[in-house]
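S.K.: From the sequence below, what's the structure:
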Amino acid sequence: MGHDHHDHTHGANKKTLLISFLVITVFMVVEVIGGLLTNSLALLADAGHMLSDSISLLIALIAFTLGEKAANYGKTYGYKRFEILAAVINGATLLIVSIYIFYEAYHRLLDPPEVASTGMLIIATIGLIVNIIVAFIMLRGGDTKDNLNMRAAFLHVLGDLLGSVGAILAALLMIFFNWTWADSVASVLVALLILISGWRVTKASIHVLMEGTPANVNLEKVIKMMKRVEGVQDIHDLHVWSVTSGQNVLSCHITVDGQMTVEESQQLLRKIEHELEHENIGHVTIQVETEEHPHEDSVLCQKEYEIEDNHHHHGHSH
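M.R.: All right, here's what the predicted structure looks like:
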């Protein structure tokens, strides 16, 4: 993985996560205390969301650090999958938090308690500012588009931001109209946000664990492209999956003309590899065979011709 680009975004992701984690964890403690003092479920719900945030940021940090551990004979891919496992745990945590808030809000709607709305307004406003700062840090410093872990963490922060807006609105409604139910309604809206983001993260992570085709790879396009390459007669046993976010792998068998020389088949493979880089696939294993000798060890049938990224140093940067 000697890609300057990849290492750069990796380092930036880690730094961004660390700063975001510290800011959010500190404010989460403030919000829990504030929620308990003002008796506001909307603040506590937002704090619950922030807790899952700081857990998700911490998991993402551990995942990036573990992911750097070198591959060994026991784990030939290293620890890169931990990141996806982390995202599953994170998504599941969110689902549990949201169900608890729904339960709590239901009881409060039946019997609305007294809420110190001014204190709630102040804390929620600070929360909004904190979330805007963290979201900005993450957008500027991290890879929130392609990295599942960074995206999960970023979605959490956006959810928090909306949670703070909800708490501010609820506090204003209670101050001006004395609508005591506004606090519970705001907490339900936060719980809905948590539920949706939790479901999405869990679904995307399970797709990776099930070796599903990566979202940023168009399989039909890949097959058409490979069949268009001169010399390729047929493709079979094609598999495309991802080890972790942004690291897609392809393996397949291709049938070529029996008259092709070793040199020509090498060129053919390099061409395919180069084309696949434009389709977001960085690691390719292709087995070449002829129609007369499928799977046999002729000179031509270079078993498991591994194409590594060392020809092209921009493997993962697309």
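S.K.: From now on I want contacts and neighbour counts done on CA atoms only, so please keep to that.
M.R.: Will do.
S.K.: so what's the residue lying closest to Ser40 once chain neighbours are set aside up against?
M.R.: Distances taken as C-alpha to C-alpha, 6 or more residues apart in numbering put Val115 closest to Ser40, at 5.7 Å, once the chain neighbours are dropped. Taking C-alpha atoms under 8 Å, 6 or more residues apart in numbering, we find Val115 in contact with Thr38, Asn39, Ser40, Thr180.
S.K.: so how far is Gln247 from the third one?
M.R.: If I follow you right, that is Ser40. 44 Å (C-alpha to C-alpha, to the nearest Å).
S.K.: picking up where we left off before, greatest separation within the contacts of Val115: which pair is it?
M.R.: Spatially, the most separated pair among these is Thr38 and Thr180, at 12.9 Å (C-alpha to C-alpha).
S.K.: Alpha carbons of stretch 278-295, in PDB - could you do that?
M.R.: Output of stretch 278-295 as PDB, limited to C-alpha atoms (Å, rounded to 0.1, in the frame of the first residue of the first chain):
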ATOM      1  CA  HIS A 278     -10.500   3.800 -13.900                       C
ATOM      2  CA  GLU A 279     -13.300   1.600 -12.600                       C
ATOM      3  CA  ASN A 280     -12.200   2.000  -8.900                       C
ATOM      4  CA  ILE A 281     -10.500  -1.400  -8.800                       C
ATOM      5  CA  GLY A 282      -7.000  -1.300  -7.500                       C
ATOM      6  CA  HIS A 283      -6.000  -4.900  -6.800                       C
ATOM      7  CA  VAL A 284      -6.500  -7.500  -9.600                       C
ATOM      8  CA  THR A 285      -5.800 -11.200  -9.900                       C
ATOM      9  CA  ILE A 286      -6.500 -12.700 -13.400                       C
ATOM     10  CA  GLN A 287      -5.900 -16.300 -14.500                       C
ATOM     11  CA  VAL A 288      -5.300 -16.700 -18.200                       C
ATOM     12  CA  GLU A 289      -6.300 -19.800 -20.000                       C
ATOM     13  CA  THR A 290      -6.900 -21.100 -23.500                       C
ATOM     14  CA  GLU A 291     -10.000 -22.900 -24.800                       C
ATOM     15  CA  GLU A 292      -8.000 -26.000 -25.500                       C
ATOM     16  CA  HIS A 293      -6.400 -26.100 -22.000                       C
ATOM     17  CA  PRO A 294      -8.600 -24.500 -19.500                       C
ATOM     18  CA  HIS A 295      -7.000 -24.600 -16.000                       C
END
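S.K.: Now the phi/psi pair for Asn39, please.
M.R.: phi 60, psi 30 (degrees, to the nearest 10).
S.K.: ugh, wrong one, Val232
M.R.: phi -80, psi 120.
S.K.: got it, and Ile223?
M.R.: phi -60, psi -50.
S.K.: One more: Glu68?
M.R.: phi -80, psi -20.
S.K.: I'd like to know how many residues surround Lys221.
M.R.: The burial count assigned to Lys221 is 11, neighbours taken as other C-alpha atoms under 10 Å.
S.K.: mind checking how far it is from His253?
M.R.: Lys221 is 17 Å from His253, by C-alpha to C-alpha.
S.K.: how about Tyr73, secondary structure?
M.R.: coil (DSSP: H, G, I helix; E, B strand; the rest coil).
S.K.: need the contact list for it.
M.R.: Contacts of Tyr73 by C-alpha under 8 Å, 6+ apart: none found.
S.K.: ok, now the one 4 residues further on?
M.R.: Contact criterion C-alpha under 8 Å, 6+ apart gives Ala71, Val243 as the residues in contact with Tyr77.
S.K.: Would you state the strands of the stretch 151-300 of the chain in chain order?
M.R.: Under the criterion DSSP state E, counting those that start in this stretch, strands of the stretch 151-300 of the chain are mapped to 232-244, 247-256, 283-290.
S.K.: Check which helices and strands the longest one sits against.
M.R.: On a contact count with 3 or more C-alpha pairs under 8 Å, 6 or more residues apart in numbering; DSSP states H and E, strand 232-244 meets helix 182-209, helix 219-228, strand 247-256.
S.K.: Out of the contacts of Val115, which is nearest to Thr16?
M.R.: Ser40 (30.8 Å).
S.K.: what's around the closest one, how many residues?
M.R.: 25.
S.K.: Same check on Gly231?
M.R.: For Gly231, using other C-alpha under 10 Å, the count is 16.
S.K.: What about it? Give its phi and psi, please.
M.R.: Here Gly231 shows phi and psi, under degrees, to the nearest 10, equal to phi 110, psi -20.
S.K.: and the nearest residue to it once chain neighbours are set aside, what does it touch?
M.R.: Once flanking residues are discounted, Gly231 sits nearest to Val256: 5.8 Å by C-alpha to C-alpha, 6+ apart. For Val256, the contacting residues are Gly231, Val232, Gln233, Asp234, Val288, Glu289, Thr290, Glu291, by C-alpha under 8 Å, 6+ apart.
S.K.: Equivalent analysis for Phe27, please.
M.R.: Gly127, Val130.
S.K.: wait, is it part of a helix?
M.R.: Yes: counting by three-state DSSP, Phe27 falls inside a helix.
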